[in-house]
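Colleague: Have a look; sequence and predicted model below, questions after that.
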Amino acid sequence: MKKNRWMVLLFVSAVAGALGADELDNAVLHGATDRRAFDYKPGDVIIFTLSVEGAEAFPAGKYFISWSRTGDDGKRANGREPLVFGQLFAHTTALDRAGFVRMTATVVDEKGKTVLKQFRGDTTTPEGKRALNAFEKKDRRIFFDGSAGVEPEKLTSVPEPEDFDAFWARRRARLAKVPLEADRRPIAKQQNDFETMYAVSIKCAGPRPSTGYLAIPKKPGKYPTTVSLHGYGHTYPNKGHVVHPVSGGGDKIAFYFSPHGYELEREPEYYDEFYRSICSGGKTFCFDEKQNADPETSYFSGYTYRLMRALEYLKSLPEWDGRNLRVAGGSMGGMQSLWAAGLDPAVTLCEPSIPWNCDMGGRDTLKRIIDPWYIRETPALRYYDPVNLAKRIPKTCFVNVTRAGLGDYCCPPSGIWAMWNNLSCPKRIRWVQGSTHGYVPSEPHDEILIEEPARNGGIGDCRMPENAFVVQNRRGYNSWPMIQAMGAKLVCTYSRDNALPPDGHTTNPGSRDSYAKVSEDGGRTWSAEVTMASDPKIAEVNEGIGLDSTGAVLAWVRCWGVEDSRRHELYRSADGLSFTKIASLRPDPFPVQVLDPVFVTGLGLVSPWFAGNYHKDGGNSWGILVSTDDGRTWEQRTIESNLPVKEWVTESSIVSLGNGRILLIGRCEQGLGTQFQVTSTDGGKTWTKARTNIGDVRESTPSLIYDPKTGLVANYYYHRGARKLKRRVAKADFIFTHPDAWPEPEVLAEGFEPRIYDAGNVKATRLQGKTDCCAWYTGTQSNATVVVTVVPVPGL
């Protein structure tokens, strides 16, 4: 069988409607493989398919596809095929070894000239001019650049130097001889009033100091630290590559590292001369082969000294929390991120994107395909290859490669795979088919998410938070825990998504089930897991918990699947381990969630609900469900409707204060303000909504506990992004009429989740009047842990 050939298949392309005079101005060339891009074995047939989408009909013979096939086998093929509207093109090839096959294709005209999209908007208006400016900055070709991998999990690089670890030990010793002293001065133009920004210069080994911009929150406390790492460039404001002050948002320390160690806030002429000074051998920095013949004279030598010293300085700051240290950057910044994680064990989260220079021997020694812009290999450069430093990244660090392009041969897939294969820590990577170094195709495009725990056991990606007891850490997205005290027992319900390795946030039919455990020692140990709800036709997610009048547990479960099967079910248990469904609801408006059932004097059981769309204004509503028969039947009451998202009370917690007073704290979406406080003085007949002063939440569910003996109300919540479980305590009588006067929070525990929304949604319950037990979760999207933090009751 011929290994390279074209086939023409019948295909109906997507028509986007009227596009203007040129048929292809909104077109894209979509490419895909017949299997998942990494599922091929040596000799397997690989089929690339190409289709023009978003085009109007065009005549035959007007356009062509100019294509090229290259591969790690050294073979090349190319050609030009007619582009026919309504037809799909398929190219068949193969590879006889572990590695990659690359397919590039571009739409050309009958003369072989590349077809460029034209701007068809109105340029007479300011909006049109801005649109034109943005359009001209984009790649106007209609093209595809992508790959298929054959056994990439077997890819390795050239051997590392025998004295690799000794080399870095010598460098650390040399750096340690330089005093850790910094010149730190506030910059002239501060960006906000919640943090102070500094220009920092730190004494360092090598030719120049370590420099960068630092932002520290003004509010006293301990904070996580994020280091931003720059891509290739000599970085000064008039040339587009800018190391500049960056905000940490007030909840973290932020440092923007200058890779070159130049002085900050100088005039453009200084940077012009600086750039000329670091070029050598007729090449830009890093590329001089004479410099790269010796690891001590390579540009990377001073570069890595400056990076290690910057991390050392940041760890010395008294404001650092001593635990969370994140590094992130793209391209050359991605390389620096891997350097940092491999050279400093304190790094807990490494987030490189399209990391550069992985597998420096890939082209010259191993003859793998790579674009011409690359650094020629020398044995000295192997000390700086991220492939080798990846082996040194400890299991306490989570490596999250936020993007890797299957069409990016500046940072080729083979090199990134070789680096990935050397990681023994918990790791995740997002591959994008058709993505080059600077281009990501429009949606929909093919993505491959891969996530793996730590190799050979160890801490893995389900690290145990301090001040917390584990309820469930079985592999999977254990999340949305609900906890309820039942006499001397604690009952914890939660859900788990077992669809690995994809995103655990899915609610596809059968992807999630609901489970329960019981603790009889205050949350320290837990019983075996029991299944509470498991319907293969739907996904079950826990959403609320409480007690009925007999003291039995009531647990709400959101049942999600195809629209006509969606419902909210209420389960009852007298022992916390055996559950009976007592209600199934499809009210109108249909709630996104139904929350904790709470007894309110004069009403009965009350569960808040909310309905609508997180991404659309109007049509959003919220209210309460009321039951007078211990949850078997419910009446829906709407409090507000037709709301914009910013005024929409979503996930909430409610307590009854007596004498007709009801207090509700509600979540606000998308960072559009602080938590809501809603009150009623007449037993729920009328309500008053206001904003609180609580903004350190980031879309996480609150949980209220009211103590009529002390008159105190505790508001528990998880600060997403900052990874902190918090509590604010106030006098109920006072805060009822002063919603913007909640006292400052106390931090009870800290999570470790790499992504903001893979944790949160605390639920608290009071156990026998002595301790408050908070169930929450933290981890990654396919491996999260449900934990319980136990704290003394406030006021005792």
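Modeller: Cool, the structure landed. Quantities reported herein were computed from a predicted structural model and do not represent experimental measurements.
Colleague: Below-threshold pLDDT in this protein: ranges please.
Modeller: Applying pLDDT under 70 to the chain flags the ranges 1-21, 234-242, 443-445, 453-464, 498-510, 670-671, 754-755, 796.
Colleague: And it, split by domain according to the record?
Modeller: 5-154, 193-452, 469-792 (automatic domain parsing).
Colleague: which secondary structure elements does the helix or strand hosting residue 170 contact?
Modeller: Per DSSP states H and E: residue 170 is located in helix 164-176. Counting contacts by 3 or more C-beta pairs under 8 Å, 6 or more residues apart in numbering; DSSP states H and E, helix 164-176 packs against helix 299-316. For glycine as for every other residue, the C-beta is placed from the backbone atoms N, C-alpha and C.
Colleague: what's the angle from the helix or strand just after the helix holding residue 170 to helix 299-316?
Modeller: The C-terminal neighbour of helix 164-176 among helices and strands, as given by DSSP H and E, is strand 182-186. Orientation check (axes from the mean of the first three to the mean of the last three C-alpha atoms, to 10 degrees): strand 182-186 against helix 299-316 gives 70 degrees.
Colleague: Dump the C-alpha coordinates for the next helix or strand after strand 182-186 into PDB.
Modeller: Once strand 182-186 ends, the next helix or strand along the chain (criterion: DSSP H and E) is strand 195-202. Extracted C-alpha coordinates of strand 195-202, given in PDB (Å, rounded to 0.1, in the frame of the first residue of the first chain):
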ATOM      1  CA  GLU A 195      -0.400  46.700  47.200                       C
ATOM      2  CA  THR A 196       3.100  48.300  46.900                       C
ATOM      3  CA  MET A 197       5.100  47.700  43.800                       C
ATOM      4  CA  TYR A 198       8.900  47.800  43.800                       C
ATOM      5  CA  ALA A 199      11.800  47.700  41.400                       C
ATOM      6  CA  VAL A 200      14.200  45.100  42.800                       C
ATOM      7  CA  SER A 201      17.900  44.400  42.100                       C
ATOM      8  CA  ILE A 202      19.500  41.500  44.000                       C
END
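Colleague: Check which residues of strand 195-202 are buried.
Modeller: Buried residues in strand 195-202, defined by neighbour count with 16 or more other C-beta atoms under 10 Å: 195, 197-202.
Colleague: Give me the sheet partners of it and which way each runs.
Modeller: Counting by DSSP bridges, the strands paired with strand 195-202 are strand 182-186 (antiparallel), strand 210-217 (antiparallel).
Colleague: about what we covered before: gap between the helix holding residue 170 and the chain center?
Modeller: 34 Å (C-alpha atoms, centre = their mean, to the nearest Å).
Colleague: What residues sit buried inside that helix?
Modeller: For helix 164-176, a neighbour-count test (16+ other C-beta under 10 Å) marks 164, 167-168, 171, 175 as buried.
Colleague: can you tell me which two in these are farthest apart?
Modeller: 164 and 175 (17.1 Å; C-beta to C-beta).
Colleague: any residues touching the helix holding residue 170, and which ones?
Modeller: Contacts of helix 164-176 with the rest of the structure, by C-beta atoms under 8 Å, 6 or more residues apart in numbering, involve 161, 204-205, 295, 304-305, 308-309, 312, 343, 382-383, 388.
Colleague: quick check, nearest of these to residue 284?
Modeller: Among the contacts of helix 164-176, and counting by C-beta to C-beta, the member closest to residue 284 is residue 304, at 18.4 Å.
Colleague: and the closest residue in space to that closest one that isn't next to it in sequence, what does it touch?
Modeller: Counting by C-beta to C-beta, 6 or more residues apart in numbering, the nearest residue to residue 304 once its immediate chain neighbours are dropped is residue 339, at 6.1 Å. Each residue near residue 339 by C-beta under 8 Å, 6+ apart is listed here: 304, 307, 384, 386, 389.
Colleague: rerun that using 10 Å as the cut-off
Modeller: Residue 339 makes contact with 229, 300, 303-304, 307-308, 327, 347, 350, 352, 355, 357, 384-386, 389-390, according to C-beta atoms under 10 Å, 6 or more residues apart in numbering.
Colleague: now swap in residue 591 and tell me
Modeller: Neighbours of residue 591 in contact, by C-beta under 10 Å, 6+ apart: 543, 556, 558, 566, 568, 585, 607-612, 621-623, 625, 636.
Colleague: coming back round to it: hmm, which of the contacts of helix 164-176 are the buried ones?
Modeller: 204-205, 295, 304-305, 308-309, 312, 343, 382-383, 388.
Colleague: among these, which two are most distant?
Modeller: Using C-beta to C-beta, these reach their maximum pairwise distance at 312 and 382, which is 24.6 Å.
Colleague: From what I see, residue 714 and residue 762 are in contact.
Modeller: No. Contact criterion C-beta atoms under 10 Å: residue 714 and residue 762 do not qualify, at 11.3 Å.
Colleague: How about residue 185: what's its closest non-neighbour residue?
Modeller: Once flanking residues are discounted, residue 185 sits nearest to residue 199: 5.8 Å by C-beta to C-beta, 6+ apart.
Colleague: For the one you found, give the beta-bridge partners.
Modeller: Here residue 199, judged by DSSP bridges, has bridge partners residue 185, residue 213.
Colleague: same check, this time on residue 490
Modeller: residue 485, residue 519.
Colleague: what's the host helix or strand of residue 65 packed up against?
Modeller: Using DSSP H and E, residue 65 sits in strand 63-71. Judged by 3 or more C-beta pairs under 10 Å, 6 or more residues apart in numbering; DSSP states H and E, strand 63-71 is in contact with strand 46-53, strand 76-82, strand 87-93, strand 99-109, strand 143-150.
Colleague: and the contacts of residue 591, which of them are in strands?
Modeller: 543, 556, 558, 568, 585, 607-611, 621-623, 625, 636 (DSSP state E).
Colleague: mind listing what the closest residue in space to residue 177 that isn't next to it in sequence touches?
Modeller: Nearest residue to residue 177, sequence neighbours excluded (C-beta to C-beta, 6+ apart): residue 205, at 7.5 Å. For residue 205, the contact set (C-beta under 10 Å, 6+ apart) comprises 171-178, 301-302, 304-306, 308-309.
Colleague: now, among the residues you listed, which is nearest to residue 429?
Modeller: Using C-beta to C-beta, these come closest to residue 429 at residue 304, 23.8 Å.
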